[in-house]
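Colleague: A structural model of the following input is requested.
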Amino acid sequence: MKSIVLFCFLFSQWIVAQEKDSLRLQFHFKFDDASIVANQQYISKQKDTLQIDTFRFYVSDIQILYADNSILKTNESHLVDLELPNSQKVPIGLYTKKEIKQITFAIGVDSLANVSGALAGDLDPAKGMYWAWQSGYINMKMEGKSSSCKTRKNQFQFHIGGYLKPNNALRTFTLNQPKNNATIDVAVNVALFFSEVSLSQTNSIMIPGKRAMQLADCGVKMFETE
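Modeller: Sure thing, here's the model as predicted:
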C-alpha cells in the first residue's frame, strides 16, 4: 500500500515538473469579460440573445519566434473544445526562458492534412470535425440556440471549413511580444464574432463557400491576448 502511495506521489510530482518545463498555449473562452458557461445566455451587439452549446476549433502550425531570431515550430493539429478543459492547454515544446518575440498559429487544418483523408488523434473523424475527403475538415464548429433564429428549436449551426481555393477557410493569428511565461494565455472572445453576425439573417453555414469565408474572417477576430 505504501509503495502505491509513493508511486502516486512521485508521478504527480513528475506531472508538475513536466508542466513547469513545458511551453504551452492556454485558451480561455469568453463573452466580453465573462467566461462562457453552459446554458448561460448572452446578448450580442446585434441584440441577439444566445447560448453556446458547442464550440471547438483546430489550432495548427504553431511557430514561436524568439528575440534571437531562432524559431520553434510544431506541425501538429490540436482540437480545442469548450467542453474539455484539458484540450484548452496546447503544448508547444520545452520552456527555455528565452525572450519570445512573436507567436503565430493557424486556426484550422492545413491543406496537407485535408488531402490525407481521415487521420487519428485529434483529427479522428469520431471527433465530429470531418466532412469527407472532398471537403476535408471543419476548422471551427459553433452551435447553440437563439430566439432570433427561426429554425427548429431556435438552433444556429456554423461549421466553417474548406481548403480549396477560393474557399480556403484556414486563418492565421499572430501575437506580438507576448509575456515571457511558460503559459501563454489567449482569449477567445465569442462576443466579437457575434458583433458581426446577425442570427436573424445568418444562422446555418454547413459547407465551404463565400459566406463561410466571411465567417472565417470573423472567427479570427475572436482571438485576443490576455
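Colleague: which sections of the protein are below the confidence cut-off?
Modeller: 1-21, 117-118 (pLDDT under 70).
Colleague: Taking the centroid of it, which residue is nearest it?
Modeller: Nearest residue to the geometric centre of the chain (C-alpha atoms, centre = their mean): residue 57, 3.9 Å.
Colleague: so that residue, which of the three states?
Modeller: Secondary structure assignment for residue 57 (DSSP: H, G, I helix; E, B strand; the rest coil): strand.
Colleague: show me what contacts it?
Modeller: Neighbour list for residue 57: 79, 80, 107, 108, 139, 140, 141, 219 [criterion: C-beta atoms under 8 Å, 6 or more residues apart in numbering]. Yep, even glycine has a C-beta here, placed from its N, CA and C like the rest.
Colleague: Apply 10 Å and report the result again.
Modeller: 27, 78-82, 107-109, 129, 138-142, 160, 188, 219, 222-223 (C-beta atoms under 10 Å, 6 or more residues apart in numbering).
Colleague: so what's it closest to, chain neighbours aside?
Modeller: Nearest residue to residue 57 in three dimensions, chain neighbours excluded: residue 140, at 4.0 Å (C-beta to C-beta, 6 or more residues apart in numbering).
Colleague: from the contacts of residue 57, which ones fall inside strands?
Modeller: Of these, the ones assigned to strands by DSSP state E are 27, 78-81, 107, 138-142, 160, 188, 223.
Colleague: quick one, what contacts the residue lying closest to residue 55 once chain neighbours are set aside?
Modeller: Leaving aside its sequence neighbours, residue 55 sits nearest to residue 82 (C-beta to C-beta, 6+ apart; 4.1 Å). Residues in contact with residue 82 (C-beta under 10 Å, 6+ apart) are 27, 29, 36-38, 52-57, 88, 142, 188, 190.
Colleague: Mind doing that once more with 7 Å?
Modeller: 29, 36, 52, 55, 56 (C-beta atoms under 7 Å, 6 or more residues apart in numbering).
Colleague: Just put those residues in JSON lines and tack on distance to residue 119 and neighbour count.
Modeller: Putting the contacts of residue 82 into JSON lines (distance: C-beta to C-beta, whole Å; neighbours: other C-beta atoms under 10 Å) gives the following:
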{"residue": "29", "distance to residue 119": "25", "neighbour count": "20"}
{"residue": "36", "distance to residue 119": "28", "neighbour count": "18"}
{"residue": "52", "distance to residue 119": "27", "neighbour count": "23"}
{"residue": "55", "distance to residue 119": "22", "neighbour count": "21"}
{"residue": "56", "distance to residue 119": "16", "neighbour count": "21"}
